[in-house]
Each structure stands twice: as C-alpha cells, then as structure tokens.
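A.B. asks: fold the following.
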Amino acid sequence: MAIGGPTLMFGISKPIKDLLKNLNQADLEGKKVFTFDTKYKGRFTGSARKGIEKKLKQFQMKIIKPHFSGIVKRIIAHIGEKGQCI
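C.D. replies: Take a look at the predicted model:
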C-alpha cells in the first residue's frame, strides 16, 4: 500500500488525516506500506510523511522503504469566476 499527500501547514492535509482516521477501523497489522509527501524545498516546510508514517506504525504496519518527499518546484492554478482554484 502507498499512502501520502501534500504537506500543508507543516504537516498532514485534512483529507489524509480523515483517511488515516478511517483506516483505524481496519486490520492493518503486518501489512506493507510506503509513505510519501509533496512539499516545497526549504528548511521550514515541514513534512506530511513523518506524521503519516508515525500513525501507520501505530497500526502495526510494516514500513517497507524509507519515506520519500517529492519536491514541488512550481504550482500553476487557474482561478474560476468565484475566486476558487480550479
């Protein structure tokens, strides 16, 4: 299994937190997992993967590879009529 997502506010995004909360009900002991995150490069960006990995270890999952961070270099967003990103 691979679980990961973007780093937001130095940690895990809400959708990933919700996923991890729901996984708490599953029997995951001994299952293999790989964690990752995406973030900007810098000293003070934080990491979602550390928190994700910590939570999965609480479920007794087997981390099969050290965590990975994909570095975001540029974001291109389009703003809709009502000011939302699309």
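
A.B. asks: CA only for contacts and neighbour counts going forward, please
C.D. replies: OK.

A.B. asks: give me the pLDDT for the residue nearest to residue 30 when sequence neighbours are not counted.
C.D. replies: Nearest non-adjacent residue to residue 30, counting by C-alpha to C-alpha, 6 or more residues apart in numbering: residue 61, 4.9 Å away. On the pLDDT scale, residue 61 is placed at 93.

A.B. asks: number the residues from 486 up from this point.
C.D. replies: All set: I'll call the first residue 486, so the last point we hit is now residue 546.

A.B. asks: residues in contact with residue 546?
C.D. replies: 513-518 (C-alpha atoms under 8 Å, 6 or more residues apart in numbering).

A.B. asks: rerun at 6 Å
C.D. replies: 513-516 (C-alpha atoms under 6 Å, 6 or more residues apart in numbering).

A.B. asks: among these, the buried ones, what's the PyMOL command?
C.D. replies: One line in PyMOL is enough to select the buried ones among the contacts of residue 546; burial here means 16 or more other C-alpha atoms under 10 Å:
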select buried, resi 513
